[in-house]
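Peer 1: sequence and predicted structure, then a few things I'm wondering about:
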Amino acid sequence: MIVAWKEGELGEIYKRIRNLAQSSLPTWPPGWSGIENISQSPDKESDYPVISTPDVIAWQEEIDSLNYEVIAWIKGSLVNMSETENSSKYPHISVEPPAVSASDGAIIIDPKVVINAIWTEEIIPETLYEVRFRRYEYTPTSSVATEYISVAVGDSVVSPYCKQRDGAINYGEFTCDYSSSSLIYNLPYLNPKASYLLRAVVYKETPRIWREEVHHIPETLNIIIPKETYENDLAIRKEIERIVGTYALIADLLKVYEVSIPESLPGGGQGLKTGKILGPALYQNRPNPFKGLTKIPFSIPKETYVSLLIYNASGREARILLSERMRPGNYNLNWDGRDARERELPPGVYFYRLSTGDFREIKKTILLR
């Protein structure tokens, strides 16, 4: 979380960032970084700060007694966004999510960052005003995008985003969350209209060398989070789980970026997900409860035989929705609340089971009439 404000007689613009993952630690103020003066103009008036991301903040800056300009702080650099002889005030600013594309099965993030700014420009003093717009592009020298969520791993105090781990371990050059089964993280507050990329550095160990000697091959995973896991979830919270291996470790930071997926890509965003799924998963159907039609989302990481069956409350098979060999990907299967003969099933509690290889999972749904 980031805040920005004006302070002082003429006005300086300050910012401060709070790490929500550390807000429960016994420090004061909890999770807050130091205060940073980003305008650095004590002899000029700075006012109306607006925030787009932790890396981009804009405000109006006095140039002389007759002129103001819209200034943007972009990752430590100051950019004059308006660049006019007229007075420019009351800015609004937004940053476009980095564009994501696919090439030979790999996910590629465009390093270019696009900033859109609008402001009010005084054409005739106190008489005529116009709204101006500027599109500004730059290529950052470090991270390709601002983290939407950044989860600290490897700390002795577990992150509130981490819901399952065996513990933390420090190898000197890096620290890890580890688990002998699954590392599970809840990633809250995802915008159902946006697309997100999950990035993590993952290490896999074997029991023979666990804790005695480290032979690790790091892999940076870039995974588009399937929209069906959060787009209709009122809590907008889902688990990213099942990093396969005898022991699973996540090092560095688990980060989530908001990204833009071009619709022109073959299969839309689906083409980016294929082959990048960590493990098979069955998600909650939506809507639930439902009348008439519901969608059952699931994911499979490799080509395999898949079955999806519906059972009634007594455990009797009510319908086979799927029974065939399928390619890796994320899927949404429709169920209309009918049996194999297309007869409407009575209202009540039903269960659906996904089976693929050695993976089995069952979830419950409620059918209304």
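Peer 2: Done, it's in. Numbering: from 1, shown residues only.

Peer 1: now the helices: where do they sit in the stretch 151-300 of the chain?
Peer 2: 270-273 (DSSP state H, counting those that start in this stretch).

Peer 1: low-confidence stretches in it?
Peer 2: For the stretch 151-300 of the chain, the stretches with pLDDT under 70 are 171-173, 181, 203-219, 228-249, 251-253, 262-278.

Peer 1: try it again at 90.
Peer 2: 151-289, 291-293, 295, 297-300 (pLDDT under 90).

Peer 1: where along it do the strands fall?
Peer 2: With strands called from DSSP state E, counting those that start in this stretch, the stretch 151-300 of the chain shows them at 162-164, 167-170, 175-179, 184-187, 195-205, 219-224, 238-240, 247-259, 281-282, 294-300.

Peer 1: got a list of contacts for the last one?
Peer 2: Yep, that's strand 294-300 we're talking about. Applying C-beta atoms under 8 Å, 6 or more residues apart in numbering, the external contacts of strand 294-300 come out as 226, 228-229, 277, 279-283, 285-288, 306, 308, 321, 326, 328-335, 337, 352, 354, 356, 365. Where you see a C-beta, it was placed from the backbone N, CA and C, and this is true even at glycine.

Peer 1: please indicate which of these are buried?
Peer 2: Neighbour-count burial (16 or more other C-beta atoms under 10 Å) applied to those gives 226, 228-229, 277, 280-283, 285-286, 288, 306, 308, 321, 328-331, 333, 335, 337, 352, 354, 356, 365.

Peer 1: related to what we said a few turns ago, closest to Gly11 out of the strands of the stretch 151-300 of the chain?
Peer 2: Shortest distance between Gly11 and these, using C-beta to C-beta, is found for strand 247-259: 30.8 Å.

Peer 1: tell me the mean pLDDT for stretch 328-348?
Peer 2: On average, the pLDDT along stretch 328-348 is 90.

Peer 1: also stretch 119-135?
Peer 2: Average pLDDT, stretch 119-135: 91.

Peer 1: so how far is that stretch from its chain's centroid?
Peer 2: 36 Å (C-alpha atoms, centre = their mean, to the nearest Å).

Peer 1: okay, it in CSV with CA atoms only?
Peer 2: What follows is stretch 119-135, C-alpha atoms only, in CSV (Å, rounded to 0.1, in the frame of the first residue of the first chain):
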residue,chain,number,x,y,z
TRP,A,119,-4.9,17.5,-16.8
THR,A,120,-6.7,20.9,-17.0
GLU,A,121,-4.8,23.5,-19.1
GLU,A,122,-5.6,27.2,-18.8
ILE,A,123,-5.8,28.6,-22.4
ILE,A,124,-7.1,32.1,-21.5
PRO,A,125,-6.5,33.1,-17.9
GLU,A,126,-9.6,32.5,-15.8
THR,A,127,-11.7,32.3,-19.0
LEU,A,128,-11.0,29.3,-21.2
TYR,A,129,-9.8,25.8,-20.1
GLU,A,130,-9.1,22.6,-22.0
VAL,A,131,-8.4,19.0,-21.0
ARG,A,132,-5.0,17.8,-22.3
PHE,A,133,-3.8,14.2,-22.6
ARG,A,134,-0.3,12.7,-23.0
ARG,A,135,0.9,9.2,-23.5
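
Peer 1: give me the buried positions along it.
Peer 2: Result for stretch 119-135 [16+ other C-beta under 10 Å]: buried residues Trp119, Thr120, Glu121, Glu122, Tyr129, Arg132, Arg134.

Peer 1: can you pull the phi/psi pair for the fifth one?
Peer 2: Dihedral angles phi and psi of Tyr129 (degrees, to the nearest 10) take the values phi -130, psi 150.

Peer 1: wait, what's in contact with it?
Peer 2: Taking C-beta under 8 Å, 6+ apart as the criterion, Tyr129 is in contact with Thr120, Glu121, Glu122, Ile123.

Peer 1: turn those into CSV, columns for secondary structure.
Peer 2: CSV is the format used below for the contacts of Tyr129 (DSSP: H, G, I helix; E, B strand; the rest coil):
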residue, secondary structure
Thr120, strand
Glu121, strand
Glu122, strand
Ile123, strand
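
Peer 1: wait, isn't Tyr257 in contact with Thr146?
Peer 2: Yes: contact criterion C-beta atoms under 8 Å: Tyr257 and Thr146 qualify, at 7.4 Å.

Peer 1: give me the number of residues near Tyr311?
Peer 2: Tyr311: 17 surrounding residues under other C-beta atoms under 10 Å.
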